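Participant: Provided below for reference: sequence and predicted model.
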Amino acid sequence: MLGTVVDSVGGGWKVLVMDALTTRIVSSALRMSDILDTGVSVVEDLDKAREPLPLAAVYYITPSPASVQRLLADFADKPLYPSVHVFFSNRVTPDAVEKIKRSKVLLPLLKTLKEVNLEFVVVDGRTFVTEHPHAMIRCMGERSEGARQEFEGELDSIASRLVTALATLHDYPAIRYKAGKPPEPGDAPGANARSLLTQKLAQKVSERAMVLQRAGGLPARESCELLILDRSVDPVAPIIHEWTYEAMVYDLLPVEDNIIRYTAETASGKTELKEHVLDESNDGIWAELRHSHIADVYTQLSRKFQEFQDKNKAAKYQTGKASAGAGISNTNIKALIQALPQFREVLGRLSVHIFISSELKNAINSRSLTDLGELEQNLVYGEKNSQDLMQYLKDNGNSLDASDKMRLLMAYLATHPEKLDAAKRQEWQQKARLDGQDMAAMCNLAFLNVAVMNKQSTQSKGLSFGFKPKKKKATYRKREGRGEEQYTLSRFDPMLLDVVEDAIGNKLSQEEYPYVSRAPEETDDFSSNEAVRIASARTNRSTISWARKGSAGPDAGSGGSMIGSGMLGSVTGALQGLGLSSTSQGQGKRLIVFVIGGVTRSEMRAVHEVAKKTGKDVLLGSTVIIKPSGFLSQLRSMGSSA
């Protein structure tokens, strides 16, 4: 986009104007220096008042009515900029185009008007989101049937943005979806909408992809498989305490927009607040350790510090001057930085992760998470029962955080159907020292097809809906290389891992996972006429990451999405490094798994692991990345009461 804009106005310098969503899109793939390299001297917020500038303006905005209106307002009387290039992130309506054409001030200055089909946010090397943080509430909650316009509007928006990802990948999908559970008497409100949710989205994506294909924007033949699920695929993954580094950081520490804040001492001895971006492309330690078990992280950080000492005689000398037996710590690293300023950058990055790991250790200890986490996994795998659960709460309830107690109880409820009745609900509330709203949120797991209540309790007081018996128990598979051989707290793997493995191995039932249209030809399947061996050893980690920002792959800008070189070429190049390239040579067809209602860090980790192990190109998309705290908050809003 920016690279294709050649404009002599302002000496070739440009101002880039973006709205909230497009700012998120660009920020997820580019640094500010990448943008400046394309001739941009100023980046502006569309939603804020701006001063006129004698520069060519490049608008990269969504085609929403609000953004279109803001664009027109910039040229209502006097123009803010003498030359204008407008790029819409998605398909623009004829009505919006007509409004632009009727603008007597804007139209003569308009040099470019294009749709670039880029309306999703990159999260990591295999993950993207469509930025619909309330999709679980709007599409799966009580209001999903009462607010039909909101439900359909949310699905339309999700489908539209998902298709822009396909356009960027230059992939035409064979679309499958997990068939919804047929509504039954006593289901939580919204059962009819939930039963059709994945099918509806699959159909909407199919229709939009066909339109783009006919316009030449997508291949003539199916080049990938798109599998659409919803959050009910696994109600445990957003609840359980995950013990890998990345998941723990986002669960237990205050991370905002991938930024963690910490205090550090400057060369002059002053303490200042610093920020560190958790980014796999710029932080090698984070990229290496983020999917590792936390115990391995402590070991690896200590090893890295020791290796630095061994390779640098000066560092070894300085450390030798410290007190005997002093181990790795921020204090020791601070002393080294002061003595060896030439190693400030290397030691500074190591210091950040030592700080993070120390904060995690403090959180684990203060919240007694080791014992709680072990009990969670024992409950999920059927090695402990409700008596063990109640005894633990009796002994430890006073010292536990309310959210941790809720997560523990829900881990049991989600894997033991119909174990709760009115009397037991009251007992649990008292023993866990929770309030009625906490218990209501837990019972709202019913909106994710969890059979929470025993059938005799369907008319119990305080429950707004009943539940017909659903005896099927969620079964989480134990895998080789998990558990006692490594760490007790490393046993859990999300259901999504099973689904992805079965999809790669062509083991998904067409009854449970039907195609929107015909199944792809047998010669085009994932196994490429040979069996795919699925293995899941914890020691195999994905090292696939984004391409270096600013580097475009061989197909950047190709294929009807009107993405040119320069900035959007860089975005495409970043996507290609992720695995989101327009080809997946030697890997068979790409598999894209999309989850309505959010995905967890454990599911992101699982996709990296299976892609690494099988050599297949697997991508994970969703409406949002969910943290446990956010999931609990959304559960509270799923129904009017429980």
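Facilitator: Perfect, thanks for sending it. Note that the structure is a prediction, hence the values are computed from the model and not measured.
Participant: so for the strand or helix carrying F305, what's the average pLDDT?
Facilitator: Per DSSP states H and E, F305 falls inside helix 294-311. The average of the pLDDT scores along helix 294-311 is 85.
Participant: can you check stretch 18-32 too?
Facilitator: 90.
Participant: in that stretch, what's buried?
Facilitator: By neighbour count with 16 or more other CB atoms under 10 Å, stretch 18-32 contains the buried residues 18-19, 21-31. In short, each C-beta sits where N, CA and C put it, glycine included.
Participant: May I see the residues you listed organised as JSON lines, with secondary structure and distance to T600 added?
Facilitator: Converted to JSON lines, those look like this (DSSP: H, G, I helix; E, B strand; the rest coil; distance: CB to CB, whole Å):
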{"residue": "M18", "secondary structure": "strand", "distance to T600": "29"}
{"residue": "D19", "secondary structure": "coil", "distance to T600": "28"}
{"residue": "L21", "secondary structure": "helix", "distance to T600": "23"}
{"residue": "T22", "secondary structure": "helix", "distance to T600": "26"}
{"residue": "T23", "secondary structure": "helix", "distance to T600": "25"}
{"residue": "R24", "secondary structure": "helix", "distance to T600": "20"}
{"residue": "I25", "secondary structure": "helix", "distance to T600": "22"}
{"residue": "V26", "secondary structure": "helix", "distance to T600": "26"}
{"residue": "S27", "secondary structure": "helix", "distance to T600": "22"}
{"residue": "S28", "secondary structure": "coil", "distance to T600": "19"}
{"residue": "A29", "secondary structure": "coil", "distance to T600": "22"}
{"residue": "L30", "secondary structure": "coil", "distance to T600": "26"}
{"residue": "R31", "secondary structure": "coil", "distance to T600": "27"}
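Participant: Of those, which pair is most distant in space?
Facilitator: For the buried residues of stretch 18-32, the maximum inter-member distance is 19.9 Å, found between D19 and R31 (CB to CB).
Participant: So, low pLDDT: which residues of the protein?
Facilitator: Low-confidence segments of the chain (pLDDT under 70): 1-3, 265-269, 311-346, 455-475, 477-486, 518-587, 640-642.
Participant: switch the cut-off to 50
Facilitator: 317, 321-326, 337-339, 341-342, 459-470, 483-485, 522-583, 585, 642 (pLDDT under 50).
Participant: hey, what's the spatially most central residue of it bridged with?
Facilitator: With distances taken as CA atoms, centre = their mean, the chain has I625 as the residue nearest its mean C-alpha position (3.4 Å). On the basis of DSSP bridges, I625 is bridged to V599.
Participant: which residues touch F87?
Facilitator: The contact partners of F87, taken as CB atoms under 8 Å, 6 or more residues apart in numbering, are 1, 58-61, 112, 114-116, 568.
Participant: hmm, try it at 7 Å
Facilitator: Shown in contact with F87 (CB atoms under 7 Å, 6 or more residues apart in numbering): 1, 58-60, 114, 116.
Participant: Looking at those, spot the one nearest G373.
Facilitator: For the contacts of F87, the nearest to G373 is Y60 (43.9 Å; CB to CB).
Participant: Tell me what the closest one is bridged to.
Facilitator: Applying DSSP bridges to Y60 gives these bridge partners: M18, F87.
Participant: Residue numbering should commence at 58 henceforth.
Facilitator: From this message on, residue numbering opens at 58, which makes the last subject Y117.
Participant: distance of it from I82?
Facilitator: The spacing between Y117 and I82, counted by CB to CB, to the nearest Å, is 8 Å.
Participant: intersection of neighbour lists for those two?
Facilitator: S146.
Participant: in stretch 409-424, what counts as buried?
Facilitator: Residues of stretch 409-424 classed as buried: 409-417, 421, 424 (neighbour count, 16+ other CB under 10 Å).
Participant: Kindly report the same for stretch 271-288.
Facilitator: 274-275, 279-288.
Participant: Also stretch 98-110?
Facilitator: Using 16+ other CB under 10 Å as the test for burial, stretch 98-110 gives 101, 103, 107, 110.
Participant: Can you give me the first-to-last residue distance of it?
Facilitator: 11 Å (CA to CA, to the nearest Å).
Participant: same check, this time on stretch 454-461
Facilitator: Termini of stretch 454-461 sit 10 Å apart (CA to CA).
Participant: Kindly report the same for stretch 61-73.
Facilitator: End-to-end for stretch 61-73, by CA to CA: 13 Å.
Participant: what's next to that stretch, contact-wise?
Facilitator: Under the criterion CB under 7 Å, 6+ apart, residues 59, 92, 96-101, 110-115, 117, 138-140, 142, 168-169, 621-623 lie in contact with stretch 61-73.
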